[in-house]
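>>> sequence below, structure please.
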Amino acid sequence: MTSNQTKAEIRLPTQELRDDIPFFTKVLGMRMDMIYPADDPRVAVFSGHGLRLRIEQDAPEAPGMLRILTENPDEFAAGQRSLVAPNGTRVEIDELNPPMVMPDTVHSFVVRRLKDQAPWVIGRAGMHYRDLVPDRLGGSIIASHIRIPDGGPVPDMVHFHKVGFQLIFCIHGWVDVVYEDQGDKMRLTAGDCFIQPPEIRHRVLEASDNVQVIEIGVPAEHVTEIDHEMQLPTPQYRPDREWQGQRFVYNRAEGAEWGPFRLPGYICRDTTIAQNTMGVAGVQVVRRGQGDTAWATHDTDIHFTFVMNGELTLEGEGRDPYRLEQGDAFVIPPGMRTRLSDPTDDVELLEVTLPGVFNTVLD
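This is a model prediction of the structure:
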């Protein structure tokens, strides 16, 4: 019976194999699988930590560098974080799951207009990305306008994001997504949103032509990992499950209740996101209401708004006013006096704040 087993290995050079054997076996905890010739060894193969190494005398390659990731780096290799093998290979020891670093917000007043023709960049799974906060407030947030021009199945895999907060808000078309422990696939349509708790497994299945979403991620740079083992949908259904204190949210526009907004002249619908993220973030959809608009300040750390429909004027103290329209976005830093004036009757805004509960002071 023939075997179709295949193995891959990385070749590294050495001058004296006998010096390398104790380093790779005892210090790095790898297993020696092969050595030859017996009377004067020149080649040895070591395996461990998901890696297979062929150490070969006088091989032409450079010694290279290995990175070993472990849950307990202080207990690995006597706590050393940087080593050099006898053959010259450098070895770095690091955290397998390093703690997420939340950068301090670098506050700024940001206006991003669609007509300024910010470039679309092709990103993961063929999706097109437009950056809505170019300076990313010092790395504290990324806000992206994402579109998939051609509908149909999306070449996505089961994956998850190491984030503090992530929002997907649909502004045009529809997209089908399936989530860990949340049942069968769900269709996000215009006005609907998902909160993806940290590290929840999910996969984008299919999209309509020209589907467009707004994606907010905190911090700006975060890791996306592929999960090759999990199959979605999962057999269990656990709608109340929490991931790092946050619950999955599927909020639908249809049948939503509207009430007073924190700013006069507008009404809003709450997406329940502040409640389900333990106050980490808040998301409101805002429309024109009754009465006059007013100058105001806020004290939340991050305050992002995207214009989904209609027009309005953004006035900022000491700044020229901006007439904003569909596709524009802005960030208002804490303590800055602003006013959202002259809104058209069809204006609709997406407001995202971190934290989700904060104070507003009206002039």
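>>> quick one: the helices in the stretch 201-350 of the chain?
Here the stretch 201-350 of the chain has its helices, by DSSP state H, counting those that start in this stretch, at 273-276.
>>> ok, and the closest non-adjacent residue to residue 59?
residue 13 (4.0 Å; CB to CB, 6 or more residues apart in numbering). Bear in mind the C-beta positions are built from the backbone N, C-alpha and C, glycine included.
>>> hmm, I was thinking of residue 263
residue 296 (5.9 Å).
>>> list the contacts for that neighbour?
Going by CB atoms under 8 Å, 6 or more residues apart in numbering, residue 296 touches 262-263, 337-339, 360-363.
>>> count of neighbours near residue 278?
Around residue 278 there are 14 other residues, counting by other CB atoms under 10 Å.
>>> for residue 196, see how far away the closest residue to it other than its chain neighbours is.
Closest residue to residue 278 apart from its sequence neighbours, by CB to CB, 6+ apart: residue 245 at 5.0 Å. Using CB to CB, to the nearest Å, residue 245 is found at 14 Å from residue 196.
>>> ditto for residue 239
15 Å.
>>> for the residue nearest to residue 59, what are its contacts?
Here residue 13 is in contact with 55-63, 87-88 (criterion: CB under 8 Å, 6+ apart).
>>> can you pick out the most distant pair from these?
Pairwise distances across the contacts of residue 13 peak at 15.1 Å for 57 and 62 (criterion: CB to CB).
>>> neighbour count: those two, which is higher?
residue 57 (16 against 10).
>>> could you pull up the residues touching the more buried one?
13-17, 42-43.
>>> again with residue 183
233, 237, 239.
>>> the more surrounded of residue 239 and residue 196?
residue 196 (23 against 10).
>>> surely the more buried one and residue 247 touch.
No: in this structure residue 196 lies outside contact range of residue 247 using CB atoms under 8 Å: 10.8 Å.
>>> follow-up on the earlier one: the contacts of residue 13 into TSV, with extra columns for distance to residue 151?
Below are these laid out as TSV (distance: CB to CB, whole Å):
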residue	distance to residue 151
55	52
56	52
57	57
58	57
59	51
60	50
61	47
62	47
63	50
87	54
88	53
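>>> one step back: and which of the contacts of residue 57 is nearest residue 116?
Nearest to residue 116 out of the contacts of residue 57 is residue 13 (CB to CB; 53.3 Å).
>>> mind checking pLDDT for the residue of the chain most remote from its centre?
The centre of the chain is farthest from one residue, residue 39, which by CA atoms, centre = their mean lies 54.4 Å away. The confidence metric pLDDT takes the value 88 at residue 39.
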